[in-house]
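Enquirer: Requesting a structural model of the entry that follows:
(2 chains)
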Amino acid sequence: MYAQMVKSEAADGEQTPEDRAFQARIDRGEKIEPKDWMPEGYRKTLIRQIGQHAHSEIVGQLPEGNWITRAPTLERKQILLAKVQDEAGHGLYLYSAAETLGVSRDELFEKLHSGAMKYSSIFNYPTLTWADMGAIGWLVDGAAIMNQVPLQRTSYGPYSRAMIRICKEESFHQRQGYSIMMKMAGGTPEQKEMAQDALNRFWYPSLMMFGPSDKDSVHSAQSMAWKIKINTNDELRQKFVDETVPQAEYLGLTVPDPDLAWNAGRGHYDFTEPDWTEFFDVLKGNGPCNEERLGARVKAWEDGAWFREGLSAHAEKAAARRLAAE
Amino acid sequence: MPSLPDMATPEAERLAQEAAQPADPHITDVALKPALFDWLCRMGDGALILGHRTSEWCGHGPALEEDIALANTALDLIGHAALWLELAAEVEAQGRTADDLAYLRDAMRFRNPQIVELPNGDIGRTLMREFLYDAWHYEMLLKLRDSSSPRVAEIAAKAGKEVAYQLDRASDLVIRLGDGTEESHARMQAALDHLWPYTGELFTDDAVDEAVAEAGIAPRASELQGPWDATLREVMGEATLTVPDRRADVHLGGKQGRHTEHLGYILAEMQFLQRAYPGAEW
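Expert: Next comes the predicted model:
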């Protein structure tokens, strides 16, 4: 998922009869819709989660957008452009889903720009070679899918429906990324080197996308009861490793983890946890690209102010003219 | 299940391709080849370079909807470029592909008009350029539907639908921003003033235009001036913008391979991987 460490509002104090009825609806598998009653904590947690997810989509345009003008063939250029455009579209669905909870897109933008809201830390890593376009599609979108597929069943209707659309597109993106990796891994020695280097750089940041270990994740229980979160961070991380390792083997690439090994007893791969110090450091703003990424978003917003104001002014003039003509 | 007989036909793919493509004697006309190749490169390079410039906005648009729309426009244009350059490569018949033409020619071999290679500037200048080029592109593709070359007409029919939409969108935004706030008006006027002296190139004929016009493949560049002017006057009128009172044909040469300083940088970026790793597949 593109939302890590979303702080869940704990239900405070005694549960009211409304709270209990609400929980019963969720337990029965009913979808909660915008006009239904919902606990304030549920609403706030969802705004945080959907908002962070939406921000991740539009900040996530930047690392891949970095290679659109250098894509190596006309076809690759079109595929990458379409993909990054899809991310913007996902942002749009998600901001719209958040709006149904009573928060406007502009308010969410302000919180992103001021640093009050976060986006996924993966996008604070740089894209250094063309192989990174493959690695991001394969690993980053792969990890996102792992998280988003269960969220298609999330309790909040608009979020669930947004996830269904997004998942369809994400699985395309993952295939496209893998297709780049296949070309690179099977290409010239330089291409293969770029592919391995991309895997080396994106492996652990991808594992971090699932958030810290469950034992350190204090807000999971309430979110899971509300079906805002479906699986634990560790479950999803394990699933990701189990699915990805054979894909890396097929490419002839080496996962940068000397302790990676199949554990027949558990029926899973054993693997090295990512460096959580790095994770928290990047979250705090010390990643390689934090300033550039947020700076690019703020610049786009500020440079676009006159454009948005111009359109609003024209709409007002046109409305006034229509009124005068009546 | 046994294979169907057709599946075993040798050269089935080639036959299918031939069947799909209308017979077009222009494509193999040796006398016409240099001019037709150049003219196809003009169509392809214009779309490619404008598509490239437009794609620079991806992730940086002034509103999410606009970001998506700009990416869409870029995608359409690069799609058109691929079609024109494929046909150019076929006409040339030297074994080059559309990618070879896009990624392995140097600036002096590019045939786009200079207006598309200018830096984007602010979103106002980007949209104004889009409008000015789209209005030309639209009229050109409209005429090309009646081309004596069925292959050219086929591409024009496909691209024409997309460009009609692009022109609608660009006109609408130019009008709204021209007749918006004082600032948006001033920026749109500045954009028009800046781009104006590059527009004349779109309507300046040369021997290539003459040759393809003689063959009935395309209109002369100058023939598009009238309808373009009409669209321009109408949109600028509604946008409350003033068409500059100066020559429009100041900056010429792009169509013949003489470019601004900017094209070299575009190509350095665009062609980097193909140049750095010759022969690699991507």
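
Enquirer: Show me the contact partners of stretch A:267-277.
Expert: A:204-205, A:207-208, A:212-213, A:216, A:238, A:241-242, A:245, A:257-263 (Cβ atoms under 8 Å, 6 or more residues apart in numbering or on different chains). Any C-beta I mention is one placed from the backbone N, CA and C, and that applies to glycine too.

Enquirer: Turn the buried ones among those residues into a named PyMOL selection, would you?
Expert: Of the contacts of stretch A:267-277, the buried ones go into a single PyMOL selection, burial set by 16 or more other Cβ atoms under 10 Å in any protein chain shown:
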select buried, chain A and resi 204+205+207+208+212+238+241+245+257+260
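
Enquirer: Can you read off the pLDDT for residue B:14?
Expert: If you check residue B:14, the pLDDT there is 73.

Enquirer: do you know how far it is from chain A?
Expert: Noted for residue B:14: a distance of 21 Å to chain A, by Cβ to the nearest Cβ, to the nearest Å.

Enquirer: picking up where we left off before, ok, which of the contacts of stretch A:267-277 also contact chain B?
Expert: Among the contacts of stretch A:267-277, not one lies near chain B by Cβ under 8 Å from any Cβ of the partner chain.

Enquirer: what's the distance between the closest residue to chain A within chain B and residue A:17?
Expert: Closest approach between chain B and chain A, counting by Cβ to the nearest Cβ: residue B:62, at 2.4 Å. Here residue B:62 is placed at a distance of 48 Å from residue A:17 (Cβ to Cβ, to the nearest Å).

Enquirer: Comparing these two, which shows the higher neighbour count?
Expert: residue B:62 (24 against 7; other Cβ atoms under 10 Å in any protein chain shown).

Enquirer: how much space between the more buried one and residue A:109?
Expert: 12 Å.

Enquirer: just to revisit the earlier point, can you give me the neighbour number for the closest residue in space to the residue of chain B closest to chain A that isn't next to it in sequence?
Expert: Nearest residue to residue B:62, sequence neighbours excluded (Cβ to Cβ, 6 or more residues apart in numbering or on different chains): residue A:304, at 2.4 Å. Using other Cβ under 10 Å, the number of residues around residue A:304 comes to 18.

Enquirer: So what's the predicted local confidence for residue A:304?
Expert: At residue A:304, pLDDT is 98.

Enquirer: quick one on the thing from earlier: sort out for me which of the contacts of stretch A:267-277 are in helices.
Expert: A:204, A:205, A:207, A:208, A:238, A:241, A:242, A:245 (DSSP state H).

Enquirer: what sits against residue B:111?
Expert: Contacts of residue B:111 by Cβ under 8 Å, 6+ apart are B:38, B:41, B:42, B:45, B:46, B:254, B:255, B:256, B:257.

Enquirer: what's the helix or strand for residue B:77?
Expert: helix B:64-92 (DSSP states H and E).

Enquirer: neighbouring contacts of the helix or strand just after that helix?
Expert: With elements assigned by DSSP H and E, the helix or strand that comes after helix B:64-92 is helix B:98-104. Residues from elsewhere that reach helix B:98-104, judged by Cβ under 8 Å, 6+ apart: A:72-75, B:41, B:44, B:48, B:81-82, B:85-86, B:88-89, B:96, B:270-271, B:274-275.

Enquirer: and the stretch 201-326 of chain A, which residues reach chain B?
Expert: So the stretch 201-326 of chain A meets chain B at A:296, A:299-301, A:303-315, A:317 (Cβ under 8 Å from any Cβ).

Enquirer: returning to what we had before: pop out the phi and psi values for the residue nearest to residue B:62.
Expert: Backbone torsions of residue A:304, given as degrees, to the nearest 10, read phi -90, psi 0.

Enquirer: residue contacts, it?
Expert: B:61, B:62, B:63, B:66, B:123.

Enquirer: repeat that for 10 Å
Expert: B:60, B:61, B:62, B:63, B:66, B:67, B:122, B:123 (Cβ atoms under 10 Å, 6 or more residues apart in numbering or on different chains).

Enquirer: and what of residue A:44?
Expert: A:7, A:8, A:9, A:38, A:101, A:103.

Enquirer: circling back: residues in contact with both of residue B:62 and residue A:109, list them for me.
Expert: residue A:301.

Enquirer: Could you tell me how far the nearest residue to residue B:259 once chain neighbours are set aside is located from residue B:254?
Expert: Counting by Cβ to Cβ, 6+ apart, residue B:107 is the residue found nearest to residue B:259 once chain neighbours are left out, at 5.3 Å. Per Cβ to Cβ, residue B:107 is found 10 Å from residue B:254.

Enquirer: Kindly report the same for residue B:157.
Expert: 26 Å.

Enquirer: More neighbours: which of those two?
Expert: residue B:254 (26 against 13).

Enquirer: now the nearest residue to that one once chain neighbours are set aside: how far from residue B:133?
Expert: Of all residues not flanking residue B:254 in the chain, residue B:114 sits nearest, at 3.9 Å (Cβ to Cβ, 6+ apart). As judged by Cβ to Cβ, residue B:114 and residue B:133 stand 11 Å apart.
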